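> compute the structure for the input listed below.
(one chain, ligands or ions: 1)
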Amino acid sequence: MDNDRNLLSLSAQELAELVTRLGDKKFRADQIFGWLGKGAASLDEMTNVPLALRNALTDAGYYIGQPDVITEQISKTDGTRKCLYGFRDGARVESVFMKYSYGNSICISSQVGCRMGCTFCASTIGGKERDLTSGEMLGEVLRMRRHTGEDINHVVIMGMGEPFDNYEEVAGFLRLINSPKGVNLSLRNVTVSTCGIIPMIRRFGEEFPQVNLAVSLHAPNDEIRRRTMPVAKKYPFSDLIRACREYTDRTHRRITFEYALIRDVNDSKENARELAENLRGWLTHVNLIPLNEVRGREYRTSEGTSVLQFRKELEDRGIAVTVRRTLGSDIDAACGQLRAGR
Ligand code: SAH
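Residues are numbered from 1 along each chain as shown. Sure thing, here's the model as predicted:
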């Protein structure tokens with residue numbers, strides 16, 4: 001795999017070093033970095049960069065790692081678009097473009113497949129094939145912008161994969177997308193979602209306090225969480241709650257807890273009350289997601305009345321709660337429905 005030659009993985013600094021190593025001036029690196037951030041998909045598009053430098057880069061094996069769009073599905077109901085992307089080595093991931101009243105959002109994948117094994121999620125069915133690099137994640141965003149011709153205002157790392165199982169590359173991606181000379185997206189407009197890898201929650205709070213953190217909780221206690229999320233065996237429920245409290249104490253940032261409502265598994269009144277008990281008195285927000293049913297998985301979504309009842313139980317106890325509007329479910333683009341498309 002020659003992903004280290006993906007120009008999109010290089011910081012402005014690394015690009016400057018590369019350009020001077022190839023015998024050209026440093027300011028050329030800024031030009032190239034600017035082109036990459038604008039979405040150039042080939043060196044030929046960089047018309048103000050000398051041909052000799054472009055050729056030197058190509059000869060040295062460098063390329064722009066935007067994925068190809070292999071197939072695209074557009075939702076008939078809400079305009080959500082899901083792209084199946086292909087990278088140079090044949091790896092495939094899905095990425096979803098969504099329009100909200102407050103702007104356009106892209107949900108990107110951080111790994112090809114996933115090894116976390118949550119029993120209600122499609123992304124984990126074939127296990128993990130490999131990690132994505134920082135440049136490949138940036139490529140997902142740039143390709144979507146180019147492909148749709150639309151601005152991207154928000155990035156959520158909630159597609160396939162567990163971002164904190166690929167921490168270094170995700171961190172690299174965050175620095176790249178935030179780079180003033182490049183895409184220059186505010187980290188306040190980025191959300192990372194984790195299934196609860198505790199050491200990385202701590203580290204993330206220190207290194208990226210501006211980024212929004214979402215934690216997939218999906219249960220009010222250890223017993224239920226262990227049934228659906230194998231990660232809970234390594235990082236128990238009470239430890240996770242403690243780590244999240246520490247995170248909010250230290251960063252003063254509110255954590256969003258994602259809670260997929262699964263019929264007869266975690267959606268009773270008692271479950272809601274126990275959840276409220278755990279979250280009372282600190283800066284949290286619960287995002288209820290009526291389970292998106294996944295082919296090949298036995299779980300069923302909660303009935304509408306259970307969803308409303310669950311919400312009310314939380315609200316009555318002073319917990320901030322929203323019910324996620326499901327976008328793109330007619331094209332299997334909703335939470336937990338993304339897969340490698342093979
Ligand atoms: N691995 C990370 C990123 C995935 S984000 C994480 O676990 O947070 C995708 C979100 O959708 C997670 O909250 C995940 O638990 C949730 N999800 C997975 N399968 C789902 C399904 N079938 N219905 C609704 N939400 C689901």
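
> for residue 106, give me phi and psi.
Torsion angles at residue 106 (phi, psi; degrees, to the nearest 10) stand at phi -120, psi 140.

> same thing with residue 238?
phi -70, psi -40.

> residue 45 and the ligand, how far apart?
Applying Cβ to the nearest ligand atom, to the nearest Å, the value for residue 45 to the ligand is 33 Å. No exception for glycine: its C-beta is placed from N, CA and C like everyone else's.

> looking at strand pairing, list the partners for the residue lying closest to residue 69 once chain neighbours are set aside.
Excluding the flanking residues, the one nearest residue 69 by Cβ to Cβ, 6 or more residues apart in numbering is residue 83, at 5.0 Å. Beta-bridge partners for residue 83, by DSSP bridges, are residue 72, residue 95.

> wait, isn't residue 83 in contact with residue 66?
No: here residue 83 lies out of contact with residue 66, judged by Cβ atoms under 8 Å, at a distance of 11.4 Å.

> need the overlap of contacts for the two.
With contacts taken as Cβ atoms under 8 Å, 6 or more residues apart in numbering, the residues that reach both residue 83 and residue 66 are residue 143.

> list phi and psi for the residue of the stretch 201-342 of the chain found nearest the ligand.
Nearest residue of the stretch 201-342 of the chain to the ligand, counting by Cβ to the nearest ligand atom: residue 336, 1.9 Å away. Main-chain torsions, residue 336, degrees, to the nearest 10: phi 80, psi 0.

> for the closest residue to it other than its chain neighbours, give me its contacts.
Distances taken as Cβ to Cβ, 6+ apart place residue 121 nearest to residue 336, at 4.4 Å, with adjacent residues excluded. Neighbouring residues of residue 121 by Cβ under 8 Å, 6+ apart: 114, 294, 297, 336.

> mind checking how far residue 121 is from residue 84?
Between residue 121 and residue 84 the distance is 18 Å, computed by Cβ to Cβ, to the nearest Å.

> for residue 125, same thing?
According to Cβ to Cβ, residue 125 and residue 84 sit 16 Å apart.

> same check, this time on residue 293
20 Å.

> need the helices for the stretch 1-150 of the chain, in chain order.
Listed in chain order, the helices of the stretch 1-150 of the chain (DSSP state H, counting those that start in this stretch) span 12-21, 26-38, 51-59, 134-148.

> so which residues on this protein come close to the ligand?
Residues of the chain lying close to the ligand by Cβ under 6 Å from any ligand atom are 116, 118, 120-121, 158, 162, 193-195, 216, 218, 258, 260, 289, 291-292, 294, 335-336.

> output stretch 97-114 in CSV with nothing but the alpha carbons.
Provided in CSV are the C-alpha atoms of stretch 97-114 (Å, rounded to 0.1, in the frame of the first residue of the first chain):
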residue,chain,number,x,y,z
PHE,A,97,-24.2,13.8,2.6
MET,A,98,-27.1,15.3,4.5
LYS,A,99,-28.8,18.7,4.3
TYR,A,100,-30.0,20.2,7.6
SER,A,101,-31.6,23.6,8.2
TYR,A,102,-28.3,24.7,9.8
GLY,A,103,-26.1,23.6,7.0
ASN,A,104,-24.7,20.6,5.0
SER,A,105,-23.2,17.7,6.8
ILE,A,106,-21.0,14.8,5.8
CYS,A,107,-20.7,11.6,7.7
ILE,A,108,-17.4,9.9,7.0
SER,A,109,-15.9,6.5,7.7
SER,A,110,-12.7,6.1,9.7
GLN,A,111,-12.0,2.4,9.0
VAL,A,112,-12.8,-0.1,6.3
GLY,A,113,-15.2,-2.3,8.3
CYS,A,114,-15.0,-2.3,12.1
